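**Student:** build me a model from this:
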Amino acid sequence: AVQVVANVDLHMPGLNLNATLTTTAGGLTTITNSGVASIGGNITSAGNLLFAGSGGITLGANLQTTGAGSSISVNTSTVTITGDRFLTTNNGSILLDRVLTNLAQAHTLTLDAGTAQITVDNNVGVNGTELAGFTVLHAGNVVFSGVAATLDVTAVSITNTGSTTFNGAATIDNSLAVHSGSDIVVNSAISAAGAGAAIDLQAGAISGTGSVNLTSSGSLLSTAIGSDIQVQAGATSGNILLTGLGSNITANDVVTLTAPNGSITGLGTVTGASLQLSAATGINDGTVSHGGLRTNAGDISAVNTQTSIVNIANTHSTLTTVSNLQTVGADLTFKQTGGGNLSFTGQISSGSGIVNGGNIWLENSVTGSTLTFANTATLSTAAGSGGGLTVSGVTLNFATAPVFGAGNITIIGGADYTIIDADLTVPGTIQLSARRDVIVRATVTASASGSDVIINADSDNDGVGGAWIDESALTDAKLVAGHSVQIQG
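**Tutor:** Residues are numbered from 1 along each chain as shown. The predicted structure follows:
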């Protein structure tokens with residue numbers, strides 16, 4: 001063991017340090033090597049610990065600084081760890097260049113910088129010789145500083161009070177978990193191959209304030225069967241932003257996006273077997289027109305808790321089930337393309353008991369595709385009054401009658417026929433249309449004094465189609481309007 005009550009400054013081509021080295025009384029430690037520095041004993045420096053050379057470092061021991069704010073810096077050297085290694089400071093920064101392991105998937109590097117920044121300037125692991133783990137126990141900001149700062153690691157875990165920024169691509173064999181006290185910024189492609197929660201990003205984990213931003217070059221991908229992606233913004237404030245068309249989030253199974261007091265917006269596409277979207281200030285593409293957030297999923301829930309627009313544009317080739325679609329006092333839109341059928345099974349609401357509902361637009365208009373409502377579905381634009389109904393290309397047989405408040409409801413399917421199989425009472429005007437026949441087998445009532453019932457059969461004007469009032473012994477098929485009934489076709 002070597003203990004020095006002063007600075008240590010070692011300049012040499014190579015170094016074999018097999019004993020512990022400790023400096024006290026604020027002593028700085030500087031190692032400048034042009035060849036390989038083999039560190040076999042722990043280094044504990046009271047002051048800054050600096051590796052200033054160009055030669056490689058074989059790290060067979062741990063590094064620590066004890067003075068308040070004292071840093072560990074490896075300017076340009078490649079560090080190769082030969083076992084599980086720890087780098088620890090007393091709220092001092094840590095700077096690393098390239099980090100490798102001498103044995104694939106066998107060793108973990110653990111960093112603890114207290115409240116100070118950790119910066120990685122180059123790659124951590126390489127494909128085929130991955131570190132078993134890269135762990136940040138404590139830090140302020142964590143920055144993978146450039147496109148060269150890639151990650152090829154079996155598992156990554158980061159817990160820090162500041163922000164986390166990924167500028168280099170990350171290929172994770174198992175899982176990536178980042179719980180940051182501030183923002184998480186993804187400027188690169190991140191993929192993880194683990195089962196379960198393969199990617200878990202939580203911004204504002206300590207402060208409650210933080211956003212997750214996938215920039216135009218950022219994306220998230222989980223590839224294993226049954227793998228999930230979880231992304232959460234701060235509980236007090238923070239958004240989830242998919243900035244560009246390539247800012248995609250893709251999971252094999254479930255994608256969960258949660259912004260408790262923020263929005264989920266952007267031009268990227270969210271893909272998974274199931275999507276669970278929860279926000280407060282909107283779910284849409286974030287443009288001035290509030291177009292649809294692009295999704296591709298067979299099961300979707302989208303719930304917004306404040307007065308903001310929810311607009312989902314889902315592209316799916318097989319059945320999509322929507323279990324919840326909600327906002328409060330704003331417009332609510334779900335449009336399906338891709339040819340898959342669409343079924344609503346839960347609550348669809350655009351208002352509340354005290355907040356006037358916005359307009360609801362539900363559409364699956366690809367020719368031959370269906371739009372249906374399960375017996376468990378409810379549909380409401382309450383509170384308020386005066387809402388109307390527009391229907392085309394679907395069969396309506398609600399188990400629970402829709403509640404019409406201030407917002408209008410539009411339902412458009414891909415069938416040639418529009419069939420009303422259950423009684424409908426609407427305060428506003430009712431418009432029923434179809435490319436072929438409009439068939440009414442129940443009582444349809446536009447109840448307000450100025451409301452109309454308007455039927456437009458053969459809407460494509462090809463001479464095929466008409467209007468049917470199709471009453472049976474068990475039904476009372478009729479049209480009732482506060483103002484007028486108009487039939488064309």
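
**Student:** give me the pLDDT value at the nearest residue to residue 83 once chain neighbours are set aside.
**Tutor:** In space, residue 83 comes closest to residue 107 once its chain neighbours are excluded; the distance is 5.6 Å by CB to CB, 6 or more residues apart in numbering. For the C-beta atoms, the positions are set from N, CA and C on the backbone; glycine is no exception. On pLDDT, residue 107 comes in at 97.

**Student:** again, but for the one 4 residues further on
**Tutor:** Looking at residue 111, its pLDDT reads 98.

**Student:** for residue 124, see how far away it is.
**Tutor:** With distances taken as CB to CB, to the nearest Å, residue 111 is found 11 Å from residue 124.

**Student:** now swap in residue 449 and tell me
**Tutor:** For residue 449 relative to residue 124 (CB to CB), the value is 72 Å.

**Student:** same thing with residue 255?
**Tutor:** Distance from residue 255 to residue 124, by CB to CB: 26 Å.

**Student:** same thing with residue 348?
**Tutor:** 47 Å.

**Student:** just residue 39 next, same as before
**Tutor:** In terms of CB to CB, residue 39 sits 18 Å off from residue 124.

**Student:** ditto for residue 130
**Tutor:** 9 Å.

**Student:** which residues do the two both contact?
**Tutor:** Counting by CB atoms under 8 Å, 6 or more residues apart in numbering, the residues touching both residue 130 and residue 124 are 152, 153.

**Student:** buried ones in stretch 431-444?
**Tutor:** 431-444 (16 or more other CB atoms under 10 Å).

**Student:** do stretch 222-242 as well
**Tutor:** Result for stretch 222-242 [16+ other CB under 10 Å]: buried residues 222, 224, 227-235, 237-242.

**Student:** among those, which are in strands?
**Tutor:** Per DSSP state E, strands hold the following members of those: 222, 228, 229, 230, 231, 232, 240, 241, 242.

**Student:** and the fourth one, what are its bridge partners?
**Tutor:** Going back to what we said before, that points to residue 230. Counting by DSSP bridges, residue 230 forms beta bridges with residue 200, residue 256.

**Student:** that one contacts residue 256, doesn't it?
**Tutor:** Yes: Residue 230 lies in contact with residue 256 (CB atoms under 8 Å); the separation is 4.8 Å.

**Student:** ok, the residue nearest to residue 61 when sequence neighbours are not counted - contacts?
**Tutor:** Spatially, and ignoring its direct neighbours in sequence, residue 61 is nearest to residue 42 (4.6 Å; CB to CB, 6+ apart). Shown in contact with residue 42 (CB under 8 Å, 6+ apart): 20, 21, 61, 62, 63, 64.

**Student:** just give me the closest of the residues you listed to residue 6.
**Tutor:** The nearest member of the contacts of residue 42 to residue 6, counting by CB to CB, is residue 21 at 12.3 Å.

**Student:** so what pLDDT did that closest one get?
**Tutor:** With respect to pLDDT, residue 21 has a value of 93.

**Student:** how close does the residue nearest to residue 61 sit to residue 449?
**Tutor:** In terms of CB to CB, residue 42 sits 87 Å off from residue 449.

**Student:** residues contacting residue 59?
**Tutor:** 39, 79, 80, 81, 82, 85.

**Student:** if you could redo that for residue 295, that was the one I meant.
**Tutor:** Listed by CB under 8 Å, 6+ apart, the contact set of residue 295 reads 269, 270, 271, 275, 312, 313, 314, 315.

**Student:** out of those residues, which are inside strands?
**Tutor:** 269, 270, 271, 275, 312, 313, 314, 315.

**Student:** nearest to residue 419, of those residues?
**Tutor:** Nearest to residue 419 among those, with distances taken as CB to CB, is residue 314, at 24.3 Å.

**Student:** identify the bridge partners of the closest one.
**Tutor:** residue 295, residue 336.

**Student:** same thing with residue 49?
**Tutor:** With DSSP bridges as the rule, residue 49 is bridged to residue 29, residue 72.

**Student:** same deal with the one 10 residues further on?
**Tutor:** Going by DSSP bridges, residue 59 is paired in beta bridges with residue 39, residue 81.

**Student:** touching, residue 290 and residue 309? I think so.
**Tutor:** Yes: counting by CB under 8 Å, residue 290 does reach residue 309; the two are 4.4 Å apart.

**Student:** if I look at the two, which residues touch both of them?
**Tutor:** 282, 284, 331.

**Student:** re earlier: got the contacts of residue 59 as a markdown table, with distance to residue 99, pLDDT and neighbour count columns?
**Tutor:** As requested, the contacts of residue 59 are arranged in a markdown table below (distance: CB to CB, whole Å; pLDDT from 0 to 100; neighbours: other CB atoms under 10 Å):
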| residue | distance to residue 99 | pLDDT | neighbour count |
| --- | --- | --- | --- |
| 39 | 14 | 96 | 23 |
| 79 | 5 | 98 | 24 |
| 80 | 8 | 98 | 19 |
| 81 | 7 | 98 | 22 |
| 82 | 12 | 97 | 17 |
| 85 | 10 | 98 | 20 |
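
**Student:** could you measure from residue 478 over to residue 4?
**Tutor:** 99 Å.

**Student:** in contact with residue 335, which residues?
**Tutor:** Contacts of residue 335 (CB under 8 Å, 6+ apart): 292, 312, 313, 314, 361, 363, 364.

**Student:** now it. Nearest residue, chain neighbours left out?
**Tutor:** That would be residue 363: by CB to CB, 6+ apart, it lies 4.5 Å from residue 335.

**Student:** residue 110 versus the one you found, what's the distance?
**Tutor:** 52 Å.

**Student:** more crowded one of these two?
**Tutor:** Comparing residue 363 with residue 110 by other CB atoms under 10 Å, the one with more neighbours is residue 363, at 21 against 16.

**Student:** check contacts around the more buried one.
**Tutor:** Neighbours of residue 363 in contact, by CB under 8 Å, 6+ apart: 333, 334, 335, 336, 371, 410, 411, 412, 413.

**Student:** tell me what it is bridged to.
**Tutor:** residue 335, residue 412.

**Student:** just the pLDDT for it.
**Tutor:** pLDDT, residue 363: 98.

**Student:** residue 1 now?
**Tutor:** 68.

**Student:** how about residue 4?
**Tutor:** The per-residue pLDDT of residue 4 was computed as 74.

**Student:** go on, residue 247?
**Tutor:** Residue 247 is given a pLDDT of 98.

**Student:** also residue 197?
**Tutor:** 89.

**Student:** from residue 256, how far off is it?
**Tutor:** Residue 197 is 9 Å from residue 256, by CB to CB.

**Student:** now swap in residue 299 and tell me
**Tutor:** On the measure of CB to CB, residue 299 and residue 256 end up 12 Å apart.

**Student:** what's across from residue 455 in the sheet?
**Tutor:** residue 432, residue 487.

**Student:** contacts only, for it.
**Tutor:** Taking CB under 8 Å, 6+ apart as the test, what residue 455 contacts is 431, 432, 433, 438, 440, 467, 479, 485, 486, 487, 488, 489.

**Student:** tell me the one among the ones in strands among the contacts of residue 295 nearest to residue 425.
**Tutor:** residue 312 (28.2 Å).

**Student:** for the closest one, what are its contacts?
**Tutor:** Residue 312 touches 283, 292, 293, 295, 300, 302, 325, 333, 334, 335, counting by CB under 8 Å, 6+ apart.
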